[in-house]
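Novice: What follows is a predicted protein model with its sequence.
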Amino acid sequence: MDKPSGSSSDNESNKGKKNIVVLGAGVAGLTTALKIQEKGIYQVEIIAEVLPSDPKTIKYTSHWAGAHYVSSSATGTQQAEIDHKTFLEMWSLSEPGGSGGAEECFLRLPQTEYYHTDQPKPNPLERMPGFQEVAKKDLFPGARCGFSFETITIDVPVYLNYLASQFLQKGGSIIRGQVQHIDQVLEAGSSPFFPEKENAGSSNKITGRPTSTPDAVIVCAGLGSRFLGGVEDALVYPSRGQTVILRAPWIRFGRSFETGDSWTYIIPRRSGEVVIGGTQGIDDWYPKARPETTRELLKRAIALCPELAPPEMRIKYPNDPPQVEDVLPIVVEEACGLRPMRKGGPRIELEYLKSLTGEDDVPVVYNYGHGTQGYIQSIGSADHVLKLLEEGLQRYF
(Lines give C-alpha, C1' and ligand atoms only; values in the text may rest on other atoms or scores of the structure.)
Protein backbone atom coordinates (compact mmCIF):
# COMPACT_ATOMS: atom_id res chain seq x y z
CA MET A 1 0.00 0.00 0.00
CA ASP A 2 2.93 2.34 0.57
CA LYS A 3 3.33 4.31 -2.62
CA PRO A 4 6.22 6.77 -2.49
CA SER A 5 5.98 9.30 -5.29
CA GLY A 6 9.00 10.37 -7.22
CA SER A 7 9.03 8.62 -10.62
CA SER A 8 9.60 10.84 -13.65
CA SER A 9 6.04 10.29 -14.89
CA ASP A 10 4.62 11.17 -11.48
CA ASN A 11 6.76 14.27 -11.29
CA GLU A 12 5.58 15.45 -14.72
CA SER A 13 1.89 14.95 -13.92
CA ASN A 14 2.26 16.66 -10.55
CA LYS A 15 4.00 19.79 -11.81
CA GLY A 16 2.23 22.91 -10.62
CA LYS A 17 0.11 21.06 -8.09
CA LYS A 18 0.16 22.20 -4.48
CA ASN A 19 1.64 19.66 -2.08
CA ILE A 20 -0.70 18.77 0.79
CA VAL A 21 0.42 16.48 3.63
CA VAL A 22 -2.22 14.63 5.68
CA LEU A 23 -1.20 13.18 9.04
CA GLY A 24 -3.10 9.99 9.83
CA ALA A 25 -4.67 7.14 7.83
CA GLY A 26 -7.77 6.44 9.87
CA VAL A 27 -11.22 7.05 8.42
CA ALA A 28 -10.85 10.83 8.91
CA GLY A 29 -7.41 10.98 7.30
CA LEU A 30 -8.27 8.72 4.36
CA THR A 31 -11.57 10.45 3.62
CA THR A 32 -10.03 13.91 3.87
CA ALA A 33 -7.05 13.00 1.70
CA LEU A 34 -9.33 11.47 -0.93
CA LYS A 35 -11.60 14.53 -1.04
CA ILE A 36 -8.62 16.84 -1.55
CA GLN A 37 -6.92 14.59 -4.14
CA GLU A 38 -10.15 14.35 -6.15
CA LYS A 39 -10.00 18.10 -6.82
CA GLY A 40 -7.22 17.43 -9.31
CA ILE A 41 -5.15 20.49 -8.41
CA TYR A 42 -3.41 19.08 -5.35
CA GLN A 43 -0.82 16.39 -4.80
CA VAL A 44 -1.72 14.77 -1.50
CA GLU A 45 0.54 12.62 0.65
CA ILE A 46 -0.59 10.69 3.72
CA ILE A 47 1.97 10.03 6.44
CA ALA A 48 0.89 7.42 8.99
CA GLU A 49 2.47 4.93 11.36
CA VAL A 50 -0.36 2.40 10.90
CA LEU A 51 -2.15 1.70 7.61
CA PRO A 52 -5.53 0.05 6.88
CA SER A 53 -3.91 -3.11 5.52
CA ASP A 54 -1.91 -3.67 8.72
CA PRO A 55 -2.92 -6.17 11.42
CA LYS A 56 -5.33 -4.71 13.95
CA THR A 57 -3.71 -2.68 16.71
CA ILE A 58 -4.91 -0.48 19.57
CA LYS A 59 -2.99 2.36 17.91
CA TYR A 60 -5.50 2.43 15.03
CA THR A 61 -9.04 3.09 16.24
CA SER A 62 -10.81 2.99 12.86
CA HIS A 63 -10.33 -0.79 12.61
CA TRP A 64 -12.44 -1.38 15.71
CA ALA A 65 -15.59 0.60 14.85
CA GLY A 66 -19.03 -0.96 14.33
CA ALA A 67 -20.06 1.00 12.31
CA HIS A 68 -23.48 2.32 11.33
CA TYR A 69 -25.09 5.65 10.47
CA VAL A 70 -27.28 6.84 13.34
CA SER A 71 -26.79 10.56 13.93
CA SER A 72 -27.53 12.17 17.28
CA SER A 73 -26.49 15.73 16.36
CA ALA A 74 -29.11 18.33 17.23
CA THR A 75 -31.30 19.43 14.32
CA GLY A 76 -30.25 22.70 12.70
CA THR A 77 -26.63 22.61 13.88
CA GLN A 78 -23.57 22.60 11.66
CA GLN A 79 -22.72 19.18 13.04
CA ALA A 80 -26.10 17.83 11.93
CA GLU A 81 -25.42 19.09 8.40
CA ILE A 82 -21.97 17.48 8.42
CA ASP A 83 -23.55 14.20 9.50
CA HIS A 84 -26.30 14.34 6.89
CA LYS A 85 -23.86 15.09 4.10
CA THR A 86 -21.99 11.94 5.07
CA PHE A 87 -25.18 9.90 4.99
CA LEU A 88 -26.24 11.17 1.56
CA GLU A 89 -22.89 10.27 0.01
CA MET A 90 -22.68 6.89 1.73
CA TRP A 91 -26.26 6.10 0.70
CA SER A 92 -25.27 6.86 -2.88
CA LEU A 93 -22.12 4.73 -2.62
CA SER A 94 -24.20 1.83 -1.29
CA GLU A 95 -26.52 1.89 -4.31
CA PRO A 96 -27.03 -1.69 -5.53
CA GLY A 97 -25.23 -2.29 -8.80
CA GLY A 98 -23.24 0.92 -8.55
CA SER A 99 -19.81 1.26 -10.14
CA GLY A 100 -16.48 1.39 -8.36
CA GLY A 101 -16.95 -1.44 -5.87
CA ALA A 102 -18.22 0.75 -3.03
CA GLU A 103 -21.44 -1.25 -2.66
CA GLU A 104 -19.47 -4.09 -1.06
CA CYS A 105 -18.57 -1.79 1.86
CA PHE A 106 -22.17 -1.22 2.96
CA LEU A 107 -25.36 -2.95 3.95
CA ARG A 108 -28.70 -1.18 3.61
CA LEU A 109 -31.11 -2.33 6.29
CA PRO A 110 -34.01 -1.40 8.59
CA GLN A 111 -32.89 0.10 11.91
CA THR A 112 -34.80 0.51 15.18
CA GLU A 113 -33.60 2.78 17.99
CA TYR A 114 -35.07 2.52 21.51
CA TYR A 115 -34.57 5.13 24.26
CA HIS A 116 -35.31 5.06 27.97
CA THR A 117 -36.21 8.78 27.97
CA ASP A 118 -38.26 11.00 25.67
CA GLN A 119 -36.22 12.42 22.79
CA PRO A 120 -36.04 16.05 21.64
CA LYS A 121 -38.16 17.32 18.79
CA PRO A 122 -37.53 17.72 15.95
CA ASN A 123 -35.75 14.40 16.05
CA PRO A 124 -32.33 14.26 14.30
CA LEU A 125 -33.39 11.03 12.61
CA GLU A 126 -36.47 12.47 10.91
CA ARG A 127 -34.55 12.99 7.66
CA MET A 128 -33.78 9.28 7.38
CA PRO A 129 -35.62 7.22 4.74
CA GLY A 130 -38.76 5.55 6.07
CA PHE A 131 -38.63 7.30 9.44
CA GLN A 132 -41.51 6.54 11.78
CA GLU A 133 -42.16 6.38 15.50
CA VAL A 134 -42.50 2.94 17.07
CA ALA A 135 -45.95 2.32 18.53
CA LYS A 136 -46.06 2.23 22.33
CA LYS A 137 -47.23 -1.38 22.29
CA ASP A 138 -44.16 -2.41 20.28
CA LEU A 139 -41.53 -0.75 22.45
CA PHE A 140 -38.76 -2.83 24.00
CA PRO A 141 -39.33 -3.27 27.77
CA GLY A 142 -37.97 -0.24 29.60
CA ALA A 143 -38.09 2.05 26.55
CA ARG A 144 -40.08 5.31 26.57
CA CYS A 145 -39.89 5.82 22.83
CA GLY A 146 -38.44 4.32 19.68
CA PHE A 147 -37.93 5.11 16.01
CA SER A 148 -37.47 2.99 12.92
CA PHE A 149 -35.92 4.00 9.59
CA GLU A 150 -33.65 2.80 6.80
CA THR A 151 -29.91 3.27 7.13
CA ILE A 152 -26.56 1.70 6.31
CA THR A 153 -23.92 -0.22 8.18
CA ILE A 154 -20.28 -0.13 7.17
CA ASP A 155 -18.01 -3.16 6.86
CA VAL A 156 -15.10 -1.28 8.37
CA PRO A 157 -12.08 -3.30 7.14
CA VAL A 158 -13.47 -3.35 3.61
CA TYR A 159 -14.33 0.36 3.61
CA LEU A 160 -10.95 1.51 4.93
CA ASN A 161 -9.13 -0.41 2.21
CA TYR A 162 -11.59 0.92 -0.37
CA LEU A 163 -10.78 4.50 0.66
CA ALA A 164 -7.03 3.82 0.50
CA SER A 165 -7.36 2.17 -2.91
CA GLN A 166 -9.42 5.05 -4.31
CA PHE A 167 -6.90 7.56 -2.98
CA LEU A 168 -3.97 5.75 -4.60
CA GLN A 169 -5.80 5.26 -7.89
CA LYS A 170 -6.40 9.00 -8.09
CA GLY A 171 -2.69 9.71 -7.72
CA GLY A 172 -2.24 10.13 -3.97
CA SER A 173 0.72 8.74 -2.03
CA ILE A 174 0.88 6.93 1.29
CA ILE A 175 4.11 6.95 3.29
CA ARG A 176 4.63 4.95 6.44
CA GLY A 177 6.19 7.13 9.11
CA GLN A 178 5.91 8.15 12.74
CA VAL A 179 5.65 11.92 13.05
CA GLN A 180 6.87 13.03 16.47
CA HIS A 181 6.42 16.78 16.01
CA ILE A 182 4.50 18.76 13.42
CA ASP A 183 7.66 20.81 12.79
CA GLN A 184 9.16 17.76 11.07
CA VAL A 185 6.50 18.03 8.37
CA LEU A 186 6.32 21.83 8.26
CA GLU A 187 10.03 21.97 7.47
CA ALA A 188 10.44 19.11 5.04
CA GLY A 189 7.09 17.58 4.12
CA SER A 190 7.28 13.81 3.75
CA SER A 191 11.03 13.79 3.03
CA PRO A 192 12.19 12.72 6.51
CA PHE A 193 10.05 9.58 6.26
CA PHE A 194 11.55 8.17 3.06
CA PRO A 195 14.34 5.57 3.31
CA GLU A 196 17.84 6.96 3.15
CA LYS A 197 20.16 5.86 0.37
CA GLU A 198 23.86 6.30 -0.30
CA ASN A 199 24.81 9.18 -2.53
CA ALA A 200 27.09 7.81 -5.23
CA GLY A 201 30.67 8.94 -4.77
CA SER A 202 30.02 10.41 -1.34
CA SER A 203 29.96 9.15 2.24
CA ASN A 204 27.08 11.50 3.01
CA LYS A 205 23.55 10.16 3.15
CA ILE A 206 20.73 12.00 1.46
CA THR A 207 17.04 11.41 1.71
CA GLY A 208 15.29 9.68 -1.14
CA ARG A 209 13.63 12.88 -2.37
CA PRO A 210 14.07 16.66 -2.23
CA THR A 211 13.30 18.50 0.99
CA SER A 212 10.61 21.15 0.77
CA THR A 213 7.98 22.82 2.93
CA PRO A 214 4.49 21.59 1.98
CA ASP A 215 1.86 24.07 0.85
CA ALA A 216 -0.45 22.90 3.66
CA VAL A 217 -0.75 20.27 6.38
CA ILE A 218 -3.92 18.50 7.54
CA VAL A 219 -3.87 16.94 11.02
CA CYS A 220 -6.13 13.87 11.28
CA ALA A 221 -4.24 12.23 14.12
CA GLY A 222 -7.21 11.12 16.23
CA LEU A 223 -6.20 10.20 19.76
CA GLY A 224 -2.60 10.86 18.71
CA SER A 225 -3.42 14.58 18.65
CA ARG A 226 -2.99 14.50 22.40
CA PHE A 227 0.66 13.50 22.02
CA LEU A 228 1.76 14.93 18.65
CA GLY A 229 4.43 17.55 19.31
CA GLY A 230 3.27 21.03 18.37
CA VAL A 231 -0.39 20.01 18.77
CA GLU A 232 -0.56 18.25 22.16
CA ASP A 233 -4.28 18.87 22.60
CA ALA A 234 -5.07 18.27 26.29
CA LEU A 235 -8.80 18.27 25.48
CA VAL A 236 -8.44 14.91 23.71
CA TYR A 237 -9.10 11.78 25.76
CA PRO A 238 -10.07 8.14 25.10
CA SER A 239 -13.42 6.45 25.43
CA ARG A 240 -12.76 2.73 25.49
CA GLY A 241 -15.23 0.75 23.44
CA GLN A 242 -15.44 -3.03 23.69
CA THR A 243 -17.42 -5.15 21.24
CA VAL A 244 -17.98 -8.76 20.28
CA ILE A 245 -18.11 -9.88 16.65
CA LEU A 246 -20.42 -12.79 15.84
CA ARG A 247 -20.93 -14.83 12.69
CA ALA A 248 -24.70 -14.46 12.22
CA PRO A 249 -25.56 -13.90 8.54
CA TRP A 250 -29.28 -14.39 9.26
CA ILE A 251 -29.39 -10.99 10.99
CA ARG A 252 -30.29 -8.32 8.44
CA PHE A 253 -31.62 -5.54 10.68
CA GLY A 254 -30.06 -3.15 13.19
CA ARG A 255 -31.30 -2.53 16.71
CA SER A 256 -30.08 -0.32 19.57
CA PHE A 257 -31.24 0.55 23.09
CA GLU A 258 -29.93 3.50 25.10
CA THR A 259 -30.71 3.28 28.81
CA GLY A 260 -28.66 6.16 30.18
CA ASP A 261 -26.08 4.05 31.99
CA SER A 262 -25.68 1.52 29.17
CA TRP A 263 -25.90 1.38 25.40
CA THR A 264 -26.57 -1.85 23.55
CA TYR A 265 -26.38 -2.16 19.78
CA ILE A 266 -26.62 -4.81 17.08
CA ILE A 267 -24.77 -3.89 13.87
CA PRO A 268 -24.84 -6.47 11.04
CA ARG A 269 -22.30 -6.22 8.24
CA ARG A 270 -22.67 -7.19 4.62
CA SER A 271 -20.14 -10.01 5.19
CA GLY A 272 -22.46 -11.80 7.62
CA GLU A 273 -20.62 -10.67 10.71
CA VAL A 274 -22.57 -8.87 13.44
CA VAL A 275 -20.95 -6.40 15.82
CA ILE A 276 -22.51 -6.15 19.27
CA GLY A 277 -21.69 -3.57 21.92
CA GLY A 278 -21.19 -1.35 23.55
CA THR A 279 -19.25 0.33 26.28
CA GLN A 280 -17.97 3.86 26.88
CA GLY A 281 -15.04 3.74 29.27
CA ILE A 282 -14.02 7.36 29.75
CA ASP A 283 -10.24 7.72 30.23
CA ASP A 284 -9.94 3.93 30.21
CA TRP A 285 -6.72 3.04 28.32
CA TYR A 286 -6.82 -0.75 28.77
CA PRO A 287 -5.97 -2.17 25.31
CA LYS A 288 -7.48 -5.67 25.47
CA ALA A 289 -11.00 -7.09 25.72
CA ARG A 290 -12.05 -7.89 29.29
CA PRO A 291 -13.71 -11.36 29.52
CA GLU A 292 -16.31 -10.22 32.05
CA THR A 293 -17.31 -7.36 29.73
CA THR A 294 -17.63 -9.76 26.80
CA ARG A 295 -20.08 -11.88 28.74
CA GLU A 296 -22.07 -8.82 29.83
CA LEU A 297 -22.27 -7.60 26.22
CA LEU A 298 -23.53 -10.98 25.03
CA LYS A 299 -26.14 -11.05 27.80
CA ARG A 300 -27.45 -7.59 26.89
CA ALA A 301 -27.37 -8.32 23.17
CA ILE A 302 -29.46 -11.50 23.27
CA ALA A 303 -31.96 -9.79 25.57
CA LEU A 304 -32.37 -7.01 23.00
CA CYS A 305 -32.14 -9.34 20.01
CA PRO A 306 -32.98 -13.01 20.76
CA GLU A 307 -32.69 -13.64 17.02
CA LEU A 308 -28.90 -13.65 17.48
CA ALA A 309 -29.13 -17.24 18.71
CA PRO A 310 -28.57 -19.67 15.81
CA PRO A 311 -31.87 -20.64 14.11
CA GLU A 312 -31.40 -24.34 14.89
CA MET A 313 -31.11 -23.50 18.58
CA ARG A 314 -34.31 -21.47 18.54
CA ILE A 315 -36.15 -24.24 16.70
CA LYS A 316 -34.93 -26.88 19.15
CA TYR A 317 -35.90 -24.83 22.21
CA PRO A 318 -38.75 -22.58 21.02
CA ASN A 319 -40.05 -21.77 24.50
CA ASP A 320 -36.70 -21.04 26.16
CA PRO A 321 -35.10 -17.59 25.95
CA PRO A 322 -31.57 -17.73 24.48
CA GLN A 323 -28.65 -17.86 26.90
CA VAL A 324 -25.09 -16.58 26.56
CA GLU A 325 -23.88 -20.15 26.00
CA ASP A 326 -26.09 -20.39 22.91
CA VAL A 327 -24.12 -17.71 21.07
CA LEU A 328 -20.60 -18.55 22.26
CA PRO A 329 -20.04 -20.94 19.30
CA ILE A 330 -20.59 -18.09 16.83
CA VAL A 331 -18.20 -15.62 18.47
CA VAL A 332 -15.53 -14.60 15.95
CA GLU A 333 -13.61 -11.97 17.88
CA GLU A 334 -13.56 -9.93 21.07
CA ALA A 335 -12.56 -6.39 20.12
CA CYS A 336 -11.49 -3.21 21.86
CA GLY A 337 -10.72 0.29 20.59
CA LEU A 338 -10.00 3.73 22.04
CA ARG A 339 -12.29 6.36 20.57
CA PRO A 340 -10.71 9.83 20.15
CA MET A 341 -13.05 11.99 22.23
CA ARG A 342 -12.55 15.73 22.70
CA LYS A 343 -14.00 18.08 25.30
CA GLY A 344 -16.04 20.68 23.46
CA GLY A 345 -16.45 18.52 20.36
CA PRO A 346 -14.40 17.91 17.22
CA ARG A 347 -11.67 20.31 16.21
CA ILE A 348 -12.15 21.39 12.61
CA GLU A 349 -10.31 24.66 12.17
CA LEU A 350 -7.58 26.48 10.28
CA GLU A 351 -4.48 28.13 11.67
CA TYR A 352 -1.08 29.15 10.32
CA LEU A 353 2.22 27.79 11.62
CA LYS A 354 5.73 28.78 10.61
CA SER A 355 8.35 26.18 9.81
CA LEU A 356 11.72 26.55 11.48
CA THR A 357 13.40 27.29 8.15
CA GLY A 358 10.61 28.87 6.12
CA GLU A 359 9.68 32.50 5.65
CA ASP A 360 5.93 32.06 5.18
CA ASP A 361 3.36 30.60 7.52
CA VAL A 362 1.96 27.23 6.46
CA PRO A 363 -1.83 26.66 6.54
CA VAL A 364 -2.63 23.84 8.97
CA VAL A 365 -6.16 22.41 9.15
CA TYR A 366 -7.18 20.22 12.08
CA ASN A 367 -9.74 17.43 11.77
CA TYR A 368 -9.91 15.22 14.85
CA GLY A 369 -11.84 14.54 18.04
CA HIS A 370 -14.93 12.93 16.48
CA GLY A 371 -15.24 10.36 19.24
CA THR A 372 -18.06 7.87 18.67
CA GLN A 373 -19.08 9.65 15.46
CA GLY A 374 -15.95 9.14 13.35
CA TYR A 375 -17.62 7.38 10.42
CA ILE A 376 -20.85 9.36 10.73
CA GLN A 377 -18.98 12.65 10.36
CA SER A 378 -16.18 11.51 8.04
CA ILE A 379 -17.36 12.76 4.65
CA GLY A 380 -19.06 15.95 5.81
CA SER A 381 -16.01 16.87 7.88
CA ALA A 382 -13.70 16.20 4.94
CA ASP A 383 -15.75 18.60 2.79
CA HIS A 384 -15.48 21.24 5.50
CA VAL A 385 -11.71 20.71 5.75
CA LEU A 386 -11.39 21.17 1.99
CA LYS A 387 -13.12 24.55 2.25
CA LEU A 388 -10.81 25.62 5.07
CA LEU A 389 -7.79 24.42 3.11
CA GLU A 390 -8.71 26.50 0.08
CA GLU A 391 -9.38 29.48 2.32
CA GLY A 392 -5.93 29.07 3.85
CA LEU A 393 -4.18 28.73 0.50
CA GLN A 394 -5.80 31.89 -0.88
CA ARG A 395 -3.59 33.83 1.49
CA TYR A 396 -0.53 32.93 -0.58
CA PHE A 397 -1.73 31.89 -4.03
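Specialist: Everything's here; your move.
Novice: so where is the protein shaky, pLDDT-wise?
Specialist: Counting by pLDDT under 70, the chain has low-confidence residues at 1-14, 196-211, 397.
Novice: Break down it into its helices, ranges please.
Specialist: Assigned helices in the chain, in chain order: 8-13, 27-37, 78-93, 156-169, 182-188, 291-304, 311-316, 324-327, 378-393 (criterion: DSSP state H).
Novice: which parts of the fourth one are buried?
Specialist: The one in question is helix 156-169. Of the residues in helix 156-169, those scored as buried under the neighbour-count criterion (16 or more other CB atoms under 10 Å) are 156-168. (Glycine included, C-beta is placed from N, CA and C.)
Novice: Adding distance to Gly97, write those residues out as JSON lines.
Specialist: Rendered in JSON lines, the data for the buried residues of helix 156-169 read as follows (distance: CB to CB, whole Å):
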{"residue": "Val156", "distance to Gly97": "23"}
{"residue": "Pro157", "distance to Gly97": "23"}
{"residue": "Val158", "distance to Gly97": "17"}
{"residue": "Tyr159", "distance to Gly97": "18"}
{"residue": "Leu160", "distance to Gly97": "23"}
{"residue": "Asn161", "distance to Gly97": "21"}
{"residue": "Tyr162", "distance to Gly97": "17"}
{"residue": "Leu163", "distance to Gly97": "21"}
{"residue": "Ala164", "distance to Gly97": "24"}
{"residue": "Ser165", "distance to Gly97": "20"}
{"residue": "Gln166", "distance to Gly97": "18"}
{"residue": "Phe167", "distance to Gly97": "24"}
{"residue": "Leu168", "distance to Gly97": "25"}
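Novice: With respect to Val22, which of those residues is nearest?
Specialist: Here the nearest of these to Val22, counting by CB to CB, is Phe167; it sits at 9.5 Å.
Novice: Contact partners for that closest one?
Specialist: Neighbouring residues of Phe167 by CB atoms under 8 Å, 6 or more residues apart in numbering: 30, 33-34, 37, 44, 46, 174.
Novice: One more pass at 6 Å, please.
Specialist: Under the criterion of CB atoms under 6 Å, 6 or more residues apart in numbering, the contact partners of Phe167 comprise 33-34, 37.
Novice: Now it. Nearest residue, chain neighbours left out?
Specialist: Nearest residue to Phe167 in three dimensions, chain neighbours excluded: Leu34, at 4.6 Å (CB to CB, 6 or more residues apart in numbering).
Novice: Glu45: how many residues sit nearby?
Specialist: By the measure other CB atoms under 10 Å, the count of residues near Glu45 is 24.
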